[in-house]
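Student: Quick one, structure for this:
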Amino acid sequence: MSEQLAIHGGPPVHAGLPIPLFKVVCGQEELAAVQEVFQRGVFCAAYPAATQVRALEEDFARWLGVKHALAFSSGTTAQHAALAAVGVGPGDEVIVPPLTFISTAYTPLLQRAVPIFADVDPGIIILDPADVRRKITPRTRAIVPVHWFGHPAEMDELTSIAREHNLAIIEDCAHANGTRYRGRPAGTFGAAACWSLQESKMITSAGEGGMLTTDDDAVAAAARAMRNHGRSPVQVQGGDAGRLVNAYQVTSLGNNYRMTEIQAAFGRVQLTRQASFRERRRVCAAYLDANLTDVAGLVRQDLREGAELSYAYYPVRFLSGRFSADIEEISHALAAEGVGCYPIAQDELCHIQPLFAGRPDCAPGSLPQAELVARELLLLPLHPALSDDDLTDIVAAVRKVARAYWR
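Tutor: Here you go, the predicted model:
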C-alpha cells in the first residue's frame with residue numbers, strides 16, 4: 001500500500017463511501033412502530049388518546065430503575081427543564097465542564113443563571129472535582145457533571161461536594177446509556193439526569209429527542225409542567241352540577257418541549273436494541289484498543305477503577321508536539337483516507353465561544369487542561385454498523401496518518 005497520504009494525491013485506505021463517524025441502525029421494527037402511529041392517527045402526546053410517549057417513559061424508567069422518566073423534544077430541553085425544576089434561577093451559579101456540547105454550558109443562561117466553568121481531569125477528560133471545589137461560591141446552586149464519551153464522572157467526590165454545600169447535581173447522560181460507576185448506573189446519582197436521543201447518540205427517537213429521569217416527585221412535577229407551557233393539573237369547579245373536574249392551569253413559566261408520538265414509537269424499539277448495540281460497540285472498541293495501543297503519540301481516554309463504559313464514542317488524543325500537523329490537519333487527512341472523524345476543538349470547547357466573550361474567567365488560558373485536550377482530541381467512528389473491514393481500515397488509516405505526520 002502506498003504511504004503517500006490521500007490528501008496529497010495517494011490512494012485512500014478505504015475505497016468507496018467514507019466510513020461514517022456515526023450511523024443510525026434501524027429496520028422494519030422501527031418502521032412498523034411508526035406506521036402504527038399513522039394508523040392510529042394521533043401524533044401529539046398532549047392528547048388523551050396518545051400512547052407512545054407514555055409507554056416510552058415507562059420503558060425508560062424501568063430500564064434505568066428510577067421512579068420517573070419524562071420524554072422531551074431534545075436533551076437540551078430536558079437540561080433546561082431540569083435546571084428549572086431544581087430551583088436554579090436568576091443570579092445563581094451552575095458549575096459545568098468546558099469540554100462538552102455547548103447546550104450544557106448555555107442552558108443555565110436560559111434561567112438567567114451563570115455557568116461557571118471548572119477544568120477537566122486530563123486523563124478521563126471530565127470535571128475535575130478539585131477544581132469544582134475551587135469554583136464554589138455562596139451563589140453556587142448546582143453542578144452538572146457530563147459522563148463524556150460514556151466514561152462516568154467521579155461521582156463519589158462530586159456527590160460529597162454537593163452534600164457539603166447543599167447543591168443539586170444534574171447528570172448529563174447524553175453519552176451514558178449503560179455507563180456505570182462502581183456498579184451503579186449513571187443517571188441515578190443526582191436530583192435529575194438528562195439523556196439525548198439525537199441521531200448521533202447510542203439510540204435515537206427518529207433523529208431528535210431527550211429524556212429527563214429522577215426519583216424526586218417534585219422535580220418530576222416541575223419538569224412535566226415546564227415541557228407543556230407551564231401547565232399543571234388541578235381540580236376546578238365545572239359542569240352543570242358544579243362538580244370538581246380535572247383541568248390544567250398555568251402555574252409556572254414553561255414552553256413546548258414535548259416529544260411526538262412518532263419519535264416515541266421509534267425510540268421504544270431502539271431501547272429494546274440498546275444492549276446489542278452496546279455489545280457491538282464494546283467489541284469494536286476492544287479491537288481499536290488492541291490495534292492502536294502501540295501507535296506513538298496516540299493516547300486513549302483513561303479508564304478509571306470502578307468505571308464501566310457505554311462505548312458511546314472513540315476519543316483519541318494526538319499529543320501536542322509529537323506531530324507536525326495540528327488536529328484539524330490530521331482530521332482532514334483521515335477524512336481523505338475515507339474515515340469520518342471529528343476534531344472536538346471545532347465547537348465543543350465551550351468557554352472560548354463568542355457567547356462568553358468578555359468574561360475574564362473565560363479568556364483563552366483560563367482552563368489550561370481543557371484547552372490542551374481540545375487541541376489534541378479527535379473522535380473516530382464507533383457504532384454498531386461498523387464491519388470488521390471498516391475496523392481494519394480505521395486502524396490502517398490512523399497508522400498511516402500518524403506515521404506521515406510523526407516528528
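
Student: Quick one: neighbours of the closest residue to T140 other than its chain neighbours, just the number.
Tutor: Excluding the flanking residues, the one nearest T140 by Cβ to Cβ, 6 or more residues apart in numbering is E93, at 4.7 Å. C-beta: built from backbone N, CA, C; applies to glycine. Neighbours of E93 under the rule other Cβ atoms under 10 Å: 20.

Student: what does L21 give?
Tutor: Using other Cβ under 10 Å: L21 sits among 18 other residues.

Student: Phi and psi next, for it.
Tutor: phi -60, psi -40 (degrees, to the nearest 10).

Student: show me what contacts the closest residue to P90 other than its chain neighbours?
Tutor: Nearest residue to P90, sequence neighbours excluded (Cβ to Cβ, 6+ apart): R112, at 4.0 Å. By Cβ atoms under 8 Å, 6 or more residues apart in numbering, the contact list for R112 reads 89-91.

Student: any idea how this protein splits into domains?
Tutor: 6-23+273-405, 28-271 (automatic domain parsing).

Student: can you map out the strands along the stretch 101-250 of the chain?
Tutor: Taking DSSP state E, counting those that start in this stretch as the test, the strands found in the stretch 101-250 of the chain are 114-117, 120-121, 126-127, 140-143, 168-172, 180-181, 184-185, 192-196, 210-214, 231-238, 243-250.

Student: Would you format those strands as CSV with distance to P97, mean pLDDT and mean neighbour count included?
Tutor: Below are the strands of the stretch 101-250 of the chain laid out as CSV (distance: least, Cβ to Cβ, whole Å; pLDDT from 0 to 100; neighbours: other Cβ atoms under 10 Å):
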stretch, distance to P97, mean pLDDT, mean neighbour count
strand 114-117, 7, 98, 22
strand 120-121, 6, 98, 23
strand 126-127, 5, 98, 28
strand 140-143, 10, 98, 24
strand 168-172, 9, 98, 26
strand 180-181, 16, 98, 19
strand 184-185, 20, 98, 18
strand 192-196, 14, 98, 30
strand 210-214, 19, 98, 29
strand 231-238, 33, 71, 12
strand 243-250, 34, 69, 12
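
Student: Quick one, which of the ones you listed gets closest to H151.
Tutor: Minimum separation from H151 across the strands of the stretch 101-250 of the chain (Cβ to Cβ) falls at strand 126-127, 6.4 Å.

Student: circling back to that earlier point, most packed of the domains of the chain?
Tutor: domain 28-271 (a mean of 20; mean count of other Cβ atoms under 10 Å).

Student: roughly how far is it from the heart of the chain?
Tutor: Averaging C-alpha positions (Cα atoms, centre = their mean, to the nearest Å) puts domain 28-271 11 Å from its chain's average.

Student: repeat for stretch 339-353
Tutor: On Cα atoms, centre = their mean, the centre of stretch 339-353 falls 14 Å from the chain's centre.

Student: Now that stretch - C-alpha only, CSV.
Tutor: Output in CSV follows, covering the C-alpha atoms of stretch 339-353 (Å, rounded to 0.1, in the frame of the first residue of the first chain):
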residue,chain,number,x,y,z
VAL,A,339,-12.5,7.6,7.7
GLY,A,340,-15.1,10.0,9.2
CYS,A,341,-13.8,11.8,12.3
TYR,A,342,-14.4,14.9,14.3
PRO,A,343,-11.9,17.3,16.0
ILE,A,344,-13.5,18.4,19.3
ALA,A,345,-11.9,21.8,19.4
GLN,A,346,-14.1,22.8,16.5
ASP,A,347,-17.1,23.6,18.7
GLU,A,348,-17.0,21.7,21.9
LEU,A,349,-14.6,23.9,23.8
CYS,A,350,-17.3,26.0,25.3
HIS,A,351,-15.7,28.8,27.3
ILE,A,352,-14.0,30.4,24.4
GLN,A,353,-17.2,30.6,22.3
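
Student: What are the boundaries of the helices in this structure?
Tutor: Using DSSP state H, the helices of the chain run over 28-40, 52-64, 75-85, 102-110, 129-135, 155-165, 217-226, 261-292, 327-336, 368-376, 388-405.

Student: With distance to G207 and mean pLDDT added, can I get those helices in CSV?
Tutor: Formatted as CSV, those follow (distance: least, Cβ to Cβ, whole Å; pLDDT from 0 to 100):
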stretch, distance to G207, mean pLDDT
helix 28-40, 12, 98
helix 52-64, 15, 98
helix 75-85, 13, 98
helix 102-110, 16, 97
helix 129-135, 34, 98
helix 155-165, 30, 98
helix 217-226, 22, 97
helix 261-292, 8, 98
helix 327-336, 23, 98
helix 368-376, 27, 96
helix 388-405, 23, 98
